[in-house]
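Q: A structural model of the following input is requested.
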Amino acid sequence: MYNIHVASLYPVDLTWSMPSYAPRRVLRGTHWNYRIIDTVSGDNTHTSFAFKAEVIPLENTLNIPRWAFIKGAPVSDVTAMENLDRECRSYRIPGVASAACFRRMCDVIDTHDSEMYIALEWLDTTLAQLKYLPNMRTYAIIATFLNAVLESCVVLEIQKYVNTGMYYLVLKSGHPPTSLDYKPVNILLSSIATAVITAKVGDLGLVFPADHRYEAQPYAMRAPKAVAAMLLCWIKPGVLGAWDSPHFLINTAWSMAKIKRLFPSPSSSILEANSSNLTLSATADPSFATTTTTTTATRTAILAPKWNIPTPDEVEGESFKAAVRSARRMSQEEPGLQAILPLEEEIRGVDMPQQLSDLLCLMLVVDPSERPSASSVLALKEFRAFQTFSGQRSEGSSPGSLRGGSPKPSSK
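A: Now for the predicted structure:
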């Protein structure tokens, strides 16, 4: 039996006005009714409120789940209502509602007074509630949720949409991302102690058309790196992002300086010592790989970081100019950041299998012209090798197919 450590939920600051509900209150839905059982805590970033609810079947209904996740927003909170409405519309994007990688939406509940609710599929826990442990059970969980998240990227990419609540914020100039916004709390998991793990993506309230916002890079440029960065931060908290920034006014500079620490020189090479052992497979992304093998020199070039903090003249806005000036100084002088090592050394310092290390480095390529797309990652031999190692891929299975609960999107 493998041991899984489940940490307590993040404390939540209820800055919104809680709805006028009482425990055991029943919300009347289209398909079922829902009896509120308890509140569900978040991660201090959600504008909505959430509950666990017992599903009450109506007459002549079959296949009734026991629990549902209820998300609501007061009509007085414009932002929360916009996000809730956008989440409803996201499920109408072709392919989303039928894809097994997204949490299923069950109902839209309008109380016609002060609140609006949606009822969603209930899953047991989130990635944020788990702690990384170097064991086979953890690797199986990682393989399952990586497959689900990458599949969700592919579904949205086909329709030219971006889940901005799941990924990075980037500079207007198009330079690489400066602050981590991929959220483990939105990676939903069930049956993690069994051989058939379920992983799904939740919270679609910040799904926008690609390039609708300046923060939304094209999906092929951003998804794999954002997924890998979230995974790296879950494995080794604090290595990216602004959560430990000494002041919110320097969050952007702090995050940029961390990236510079991880990618210190355009000439340094990730996995230089063992890049000769890597062979890139043919993928659906011609810009990443076009043959089944490459030379050692080419593999080293593909894995090499090529990002420097931009100069103030390369970005727009006085706040960005100040941020890049500060970031350049912080990366060299700030004592709190000097413990961050180049990516290769950070990964080498973590107890993880070589298959996962190789996959992380391939997904964390900085140069978007050399970075694989989400669909390409699913086809990589390194991805399949990690699936096989974790026991989540059967012999003869197609790329992206797992034994767990996150198969390729269905058309049913």
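Q: got a pLDDT number for residue 112?
A: The model reports residue 112 with a pLDDT of 68.
Q: likewise residue 256?
A: Residue 256 carries a pLDDT value of 87.
Q: Who are the contact partners of the residue nearest to it when sequence neighbours are not counted?
A: Nearest non-adjacent residue to residue 256, counting by C-beta to C-beta, 6 or more residues apart in numbering: residue 327, 3.7 Å away. The way it works is simple: take the backbone N, C-alpha and C, and place the C-beta from them, glycine included. Residue 327 makes contact with 252, 253, 254, 256, 257, 260, 309, according to C-beta atoms under 8 Å, 6 or more residues apart in numbering.
Q: I figured the first one was touching residue 242, is that so?
A: What that stands for is residue 252. Yes. Under the criterion of C-beta atoms under 8 Å, residue 252 makes contact with residue 242 at 7.5 Å.
Q: Which stretches in the stretch 301-412 of the chain count as helices?
A: Counting by DSSP state H, counting those that start in this stretch, the stretch 301-412 of the chain has these helices, from start to end: 318-333, 343-348, 354-363, 374-379, 381-390.
Q: CA-only coordinates of the longest one in PDB, if you can.
A: So that's helix 318-333. What follows is helix 318-333, C-alpha atoms only, in PDB (Å, rounded to 0.1, in the frame of the first residue of the first chain):
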ATOM      1  CA  GLU A 318       6.200  52.600 -16.800                       C
ATOM      2  CA  SER A 319       5.300  49.800 -14.300                       C
ATOM      3  CA  PHE A 320       6.800  47.200 -16.600                       C
ATOM      4  CA  LYS A 321       9.900  49.200 -17.200                       C
ATOM      5  CA  ALA A 322      10.400  49.600 -13.500                       C
ATOM      6  CA  ALA A 323       9.800  45.800 -13.000                       C
ATOM      7  CA  VAL A 324      12.400  44.800 -15.500                       C
ATOM      8  CA  ARG A 325      15.000  47.100 -14.000                       C
ATOM      9  CA  SER A 326      14.300  45.700 -10.600                       C
ATOM     10  CA  ALA A 327      14.300  42.100 -11.800                       C
ATOM     11  CA  ARG A 328      17.700  42.400 -13.400                       C
ATOM     12  CA  ARG A 329      19.100  43.700 -10.100                       C
ATOM     13  CA  MET A 330      17.200  41.200  -8.000                       C
ATOM     14  CA  SER A 331      18.400  38.200  -9.900                       C
ATOM     15  CA  GLN A 332      22.000  39.000  -9.100                       C
ATOM     16  CA  GLU A 333      21.800  40.700  -5.700                       C
END
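Q: Mind checking what helix or strand follows the helix or strand bottoming out on mean pLDDT in the chain in sequence?
A: Across the helices and strands of the chain, mean pLDDT, DSSP states H and E gives its lowest value to strand 177-179, namely a mean of 33. Using DSSP states H and E, the helix or strand that follows strand 177-179 towards the C-terminus is strand 187-190.
Q: Check which helices and strands that following strand sits against.
A: Packing partners of strand 187-190 (3 or more C-beta pairs under 8 Å, 6 or more residues apart in numbering; DSSP states H and E): strand 125-126, helix 136-158, strand 198-201.
Q: Please identify which of the ones you listed is closest to residue 230.
A: Of all those, helix 136-158 sits nearest to residue 230, with 8.3 Å by C-beta to C-beta.
Q: The closest one: which residues count as buried?
A: For helix 136-158, the neighbour count (16 or more other C-beta atoms under 10 Å) marks 137-157 as buried.
Q: now the residue nearest to residue 256: how far from residue 386?
A: The spacing between residue 327 and residue 386, counted by C-beta to C-beta, to the nearest Å, is 33 Å.
Q: repeat for residue 100
A: From residue 100 to residue 386 the distance is 20 Å (C-beta to C-beta).
Q: Neighbour count for these two, which is higher?
A: Legend: neighbour count by other C-beta atoms under 10 Å for residue 100 and residue 386, higher for residue 386 (24 against 18).
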